[in-house]
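Asks: Show me how the following folds:
(chains A and B)
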Amino acid sequence: MSATGGTPKTRSSEAMIRFDSVSKRYPGGLEALSEVTFEIPRGTMAFVTGHSGAGKSTLLRLIALLERTTRGQVLVAGQNLRRIGRRRVPYHRRNVGLIFQDHRLLYDRPVFDNVALPLVITGLDGPELGRRVRAALDQVGLLSRERAYPVALSSGEQQRVGIARAIVGKPPLLLADEPTGNLDPDLSREIMALFERFNRVGTTVLVASHDLELIRGTGYPRMVLDQGRLVQGLDHAGEPAGA
Amino acid sequence: MPERQRSGRRRSAARGGFHPLRSLRTWGLRHAQAALSSLGRLARAPAPSLLTIAVIGIALALPAALHLLVRNAAHLGQGWEGATQVSLFLERNVTDDAARTLARALARRSDVASARAISREQALAQFRRQSGFSQALDVLNENPLPAVIVIHPASTSAAAVEHLVRQLRPIPEIDRVQMDRQWLRRYFAIVHLVERGVTVLSVLLGIAVIIVVGNTIRLDIQNRRQEIEVQKLIGATDAFIRRPFLYTGLWYGALGGIAACALLGIGLLALRGPASQLAVLYHSQSLMPGLDPGTAGSVIAGGALLAWGGSFLAVGRHLRRIEPA
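Replies: Residues are numbered from 1 along each chain as shown, chains lettered A, B, ... in the order given. Down below sits the predicted model:
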């Protein structure tokens, strides 16, 4: 039973994300994920889709150790997350760039400070800090807005600030939970183009979205969740672009 | 903190080699940043910050003032201790000449510094002058007062004076031996009692400082919940998140300590006039305790330590509960 989308030679050691019969039950009895098994090779860009409540967010949260599995195990870059103790969780999260539908920005400080936060927590300062923050802002096209406060930005710009913050630490893995949820189709495509660009330089990208319009025709592999079960393993989404 | 060391090493390794000095510099820089930004945060919300600082200041000033008072009282007592004297009340049938002879004999003892005889007439004159009962005394046919020999012991230690008194008691001419030490002992016992009371009060007010700061920090954590969640999301360690709150507590305590010193200074200034009048009346040097640098320093340092403890407790309890949703 291969939920693996890649070629047969893909071994688990090369997988960026691997789920082995993962179940997650929340207190209160709701089983958000049941027996989910899949593998995402390094350098892949992939989608996870399904109706709201299908378990997409839970899946991403398990990878970022915002939640722990109830059964089964999750491996990220070969590291079994079960073995990461509470005190080492922050170091795991530094290797995972997280992007949310609601941006999760800090509104009491300007764009620059928001994007700098992941570097500040690692103790980086001085000219190197400014250089890397501006490089990240440049990549999302917001270099000129570094002194602006998030409230002064449009929703699409705020999302790009969130993306700049996620990539500024150059994590090998990017997770995006409904990143285009509040955006119109044009802005959504812009955001997707950004993800594609990061993917081209080797970042593994996993996007959770219920926006099938957006995914259709991109040619990227996707998996489908339904009520916590993986009903379609990682394969290519519909027909390639242009066909 | 092992986390910090690990991350420091990892970063340094990326730049080629582990530099203890650079790590130390980074560590110091981070703490300085946290300390300064915490202070800046207090300054941006001056009204609530000042309120908290004032409460801490009062809570610290009260025991500090009482402590100064008690220390001064004990000091005053020590001044009197040197002036210990023993009064020997002689039998009524002892003549003034005999009293003077006895005084001279006593003065030759090695454990007696000086002995002075006061004749019955002298005693009466002194009593008349000082008591204000002169008219009542005129009613009496004869002088009711005995002759007295006042002795200053060579040593003022309690044991030596006790020993001297035991040796003087059997002398037949002596009716009663009265030590002026008794009331001094009582005085010291009272001072000691008050001292204990001040200690209890200090502990209670210290706990109050811990609670006040703990609660302020708890509210601060709740207000900055979103920021804490985001920091946790992007991989900030507990130490990193905790640091600004601990420094906030430290600042509250230190500034509260400074406020307490200011309150003490003002209070002492207000007491200075009446106290020096009292000192003149009692022929005493000075009744006023000054706010010496040692006391001021320990009030500020103690305040900072207590407030740091309060924020440490609050942070430990509440930070762990916040998890990114």
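
Asks: remind me which residues of chain A are low pLDDT?
Replies: Filtered on pLDDT under 70, chain A yields the residue ranges A:1-13, A:236-243.

Asks: Could I get the full set of strands for it?
Replies: According to DSSP state E, chain A carries its strands in the segments A:15-25, A:31-41, A:45-49, A:71-76, A:79-80, A:96-100, A:173-177, A:204-208, A:221-226, A:229-236.

Asks: Redo these as TSV? Include distance to chain B.
Replies: Every residue, glycine included, has its C-beta placed from N, CA and C. Formatted as TSV, the strands of chain A follow (distance: least, CB to the nearest CB, whole Å):
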stretch	distance to chain B
strand A:15-25	15
strand A:31-41	14
strand A:45-49	19
strand A:71-76	13
strand A:79-80	15
strand A:96-100	6
strand A:173-177	11
strand A:204-208	16
strand A:221-226	20
strand A:229-236	24
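
Asks: And the residue nearest the centre of chain A?
Replies: By CA atoms, centre = their mean, chain A has its centre lying nearest to residue A:175, at 0.7 Å.

Asks: and it, what is it in contact with?
Replies: Residue A:175 makes contacts with A:60, A:63-64, A:96-99, A:206, A:208, as judged by CB atoms under 8 Å, 6 or more residues apart in numbering or on different chains.

Asks: Out of the strands of chain A, which gets nearest to residue B:296?
Replies: strand A:96-100 (49.7 Å; CB to CB).

Asks: how distant is the closest one from the center of its chain?
Replies: On the basis of CA atoms, centre = their mean, to the nearest Å, the separation between the geometric centre of strand A:96-100 and that of its chain is 5 Å.

Asks: Specify the angle between it and strand A:204-208 in degrees.
Replies: Here strand A:96-100 runs at an angle of 30 degrees relative to strand A:204-208 (axes from the mean of the first three to the mean of the last three CA atoms, to 10 degrees).

Asks: Strand A:96-100: partners in the sheet, and parallel or antiparallel?
Replies: strand A:173-177 (parallel) (DSSP bridges).

Asks: Just give me how far the partner strand sits from the chain centre.
Replies: 1 Å.

Asks: returning to what we had before: out of the strands of chain A, which is closest to residue B:166?
Replies: Per CB to CB, nearest to residue B:166 of those: strand A:79-80, 85.4 Å.

Asks: name the helices or strands packed onto that closest one?
Replies: Helices and strands touching strand A:79-80, as assessed by 3 or more CB pairs under 8 Å, 6 or more residues apart in numbering or on different chains; DSSP states H and E, are absent.

Asks: Can you name the residues in contact with that strand?
Replies: A:73-74, A:92.

Asks: Closest residue of chain B to chain A?
Replies: For chain B, the residue closest to chain A is residue B:235, as judged by CB to the nearest CB, at 3.6 Å.

Asks: returning to what we had before: nearest to residue B:276, of the contacts of residue A:175?
Replies: For the contacts of residue A:175, the nearest to residue B:276 is residue A:98 (69.9 Å; CB to CB).

Asks: So the closest one versus residue B:230, what's the distance?
Replies: Going from residue A:98 to residue B:230 by CB to CB, to the nearest Å gives 10 Å.

Asks: who touches the residue of chain B closest to chain A in this structure?
Replies: A:90-94, A:118, A:121.

Asks: Spell out which parts of chain A neighbour chain B.
Replies: With CB under 8 Å from any CB of the partner chain as the criterion, chain A meets chain B at residues A:64, A:66, A:87, A:90-94, A:98, A:104-106, A:108, A:117-118, A:121-125, A:165, A:169.

Asks: Let's see the ChimeraX selection covering just the buried ones among these.
Replies: Only the buried entries of the residues of chain A next to chain B go into this ChimeraX selection, using 16 or more other CB atoms under 10 Å in any protein chain shown:
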select /A:64,66,90,91,92,93,94,98,104,105,106,117,118,121,122,123,124,165,169
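
Asks: In helices, which of the residues of chain A next to chain B appear?
Replies: In helices, judged by DSSP state H, the following of those are found: A:90-93, A:117-118, A:165.

Asks: thinking again about what came up before, skipping its backbone neighbours, what lies nearest the residue nearest to the centre of chain A in space?
Replies: residue A:60 (4.8 Å; CB to CB, 6 or more residues apart in numbering or on different chains).

Asks: which residues sit in contact with the residue nearest the centre of chain B?
Replies: The residue lying closest to the centre of chain B (CA atoms, centre = their mean) is residue B:67, at 2.7 Å. Listed by CB under 8 Å, 6+ apart, the contact set of residue B:67 reads B:198, B:202, B:295.

Asks: Can you spell out which helices and strands pack onto the longest helix along chain A?
Replies: Assignment by DSSP H gives helix A:185-200 as the longest helix of chain A. Applying 3+ CB pairs under 8 Å, 6+ apart, one finds that helix A:185-200 makes contact with strand A:45-49, helix A:155-167, strand A:173-177, strand A:204-208, helix A:212-215.

Asks: Minimum distance to residue B:101: which of those has it?
Replies: helix A:155-167 (102.5 Å).

Asks: Show me which positions of that closest one end up buried.
Replies: Applying 16+ other CB under 10 Å to helix A:155-167 flags A:156-167 as buried.

Asks: what comes into contact with that helix?
Replies: A:97-100, A:103-105, A:111, A:114-115, A:117-118, A:133, A:136-137, A:139-142, A:145, A:150, A:153, A:174, A:176, A:179-180, A:182-183, A:187, A:190-191, A:194, A:198, A:203, B:234.

Asks: hang on, the earlier thing: just curious, which of the contacts of strand A:79-80 is nearest to residue B:48?
Replies: Closest to residue B:48, out of all of the contacts of strand A:79-80 and judged by CB to CB, is residue A:92, at 37.1 Å.

Asks: The closest one reaches residue A:84, doesn't it?
Replies: Yes - using CB atoms under 8 Å, residue A:92 is in contact with residue A:84, at 5.3 Å.

Asks: what sits in contact with each of the two?
Replies: residue A:65.

Asks: Spit out the residues that contact residue A:98 and residue B:230 alike.
Replies: Joint contacts of residue A:98 and residue B:230 (CB under 8 Å, 6+ apart) do not exist.

Asks: got the contact list for residue A:97?
Replies: So residue A:97 contacts A:166-167, A:169, A:171, A:173-175, A:203 (CB under 8 Å, 6+ apart).

Asks: repeat that with 6 Å
Replies: The contact partners of residue A:97, taken as CB atoms under 6 Å, 6 or more residues apart in numbering or on different chains, are A:166-167, A:171, A:174.

Asks: Run a quick neighbour tally on residue B:324.
Replies: Residue B:324 has 18 neighbouring residues, counting by other CB atoms under 10 Å in any protein chain shown.

Asks: Could you do residue B:208 as well?
Replies: 18.

Asks: Tell me the confidence at the closest residue to it other than its chain neighbours?
Replies: Spatial nearest neighbour of residue B:208, chain neighbours left out: residue B:59 (5.1 Å); criterion: CB to CB, 6+ apart. Looking at residue B:59, its pLDDT stands at 93.

Asks: Just give me the neighbour total for the closest residue to residue B:38 other than its chain neighbours.
Replies: Among residues not flanking residue B:38 along the chain, residue B:247 sits closest, at 3.9 Å (CB to CB, 6+ apart). Residue neighbour count, defined by other CB under 10 Å, stands at 23 for residue B:247.

Asks: where's residue B:247 relative to residue B:315, distance?
Replies: For residue B:247, the distance to residue B:315 - CB to CB - is 11 Å.

Asks: returning to what we had before: can I get the strands of chain A in JSON lines including distance to residue B:226?
Replies: Below are the strands of chain A laid out as JSON lines (distance: least, CB to CB, whole Å):
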{"stretch": "strand A:15-25", "distance to residue B:226": "25"}
{"stretch": "strand A:31-41", "distance to residue B:226": "24"}
{"stretch": "strand A:45-49", "distance to residue B:226": "27"}
{"stretch": "strand A:71-76", "distance to residue B:226": "26"}
{"stretch": "strand A:79-80", "distance to residue B:226": "29"}
{"stretch": "strand A:96-100", "distance to residue B:226": "12"}
{"stretch": "strand A:173-177", "distance to residue B:226": "17"}
{"stretch": "strand A:204-208", "distance to residue B:226": "22"}
{"stretch": "strand A:221-226", "distance to residue B:226": "29"}
{"stretch": "strand A:229-236", "distance to residue B:226": "33"}
